[in-house]
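[1] Sequence isn't available, so here's the structure alone:
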């Protein structure tokens, strides 16, 4: 075999190997949310405190336990159904005191198991945070009305334990 043919076969072999490697390297992108999908035993604790001018602080609490679900939603969100008689959330920011989740929310979940809700609009001193850990989910959100220290304030804690592992 002359030198030109050897050179041709060498490069043809290299190109064939590269094409084979690149075509087999296509891996299906694993959806990191899959591990969190399922049924959960949710406990939701709501705190609401208010005070009128010159009045003592009134604190109301309620605890609700409910078997709910977490499902995939869109590209990077999950749908969490965590209260009985749930209705779709009001995300238009019209409510001053509450994000109006009403037992259903659609938070963003990142690859680091953090849960955020970009549409959350609490007035003064409000926040939303959450995370997944092993087979559990924890979320808290709070807010205060526009009147500062005298305004009603709410805090909600949602904890869930996955029941179908």
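    Now that the structure is in, tell me what you want to look at. Source: prediction; values computed, not measured.

[2] Surely residue 33 and residue 78 touch.
    Yes - between residue 33 and residue 78 there is a contact under CB atoms under 8 Å: 5.8 Å. From N, CA and C alone the C-beta is placed, and that goes for glycine too.

[3] contacting residues around the residue nearest to residue 137 when sequence neighbours are not counted?
    On the basis of CB to CB, 6 or more residues apart in numbering, the spatially nearest residue to residue 137 that is not a chain neighbour turns out to be residue 160, at 4.4 Å. By CB atoms under 8 Å, 6 or more residues apart in numbering, the residues touching residue 160 are 40-43, 68, 70, 82, 136-138.

[4] Equivalent analysis for residue 72, please.
    Taking CB under 8 Å, 6+ apart, we find residue 72 in contact with 31, 33-34, 37, 78-79.

[5] Narrow the residues you listed to just the buried residues.
    Among the contacts of residue 72, those buried by neighbour count (16 or more other CB atoms under 10 Å) are 33, 78.

[6] Let's have the contacts of residue 72 in TSV, adding secondary structure.
    Formatted as TSV, the contacts of residue 72 follow (DSSP: H, G, I helix; E, B strand; the rest coil):
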residue	secondary structure
31	coil
33	coil
34	helix
37	coil
78	strand
79	strand
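
[7] just the contacts of residue 72 now: which is nearest residue 111?
    Distance to residue 111 across the contacts of residue 72 (CB to CB) is lowest for residue 33, with 9.4 Å.

[8] Local confidence estimate at the closest one?
    On the pLDDT scale, residue 33 is placed at 89.

[9] Now it, what are its backbone angles?
    phi -80, psi -20 (degrees, to the nearest 10).

[10] likewise residue 163?
    With angles defined as degrees, to the nearest 10, residue 163 sits at phi -110, psi -10.

[11] right, and residue 73 touches residue 108 too?
    No - taking contacts as CB under 8 Å, residue 73 lies outside contact range of residue 108: 9.8 Å.

[12] Show me the helices in this protein, by range?
    With DSSP state H applied, the chain shows helices at 3-24, listed in chain order.

[13] Show me what the closest residue to residue 154 other than its chain neighbours is bridged to.
    Spatially, and ignoring its direct neighbours in sequence, residue 154 is nearest to residue 48 (4.9 Å; CB to CB, 6+ apart). Using DSSP bridges, the beta-bridge partners of residue 48 come out as residue 60, residue 154.
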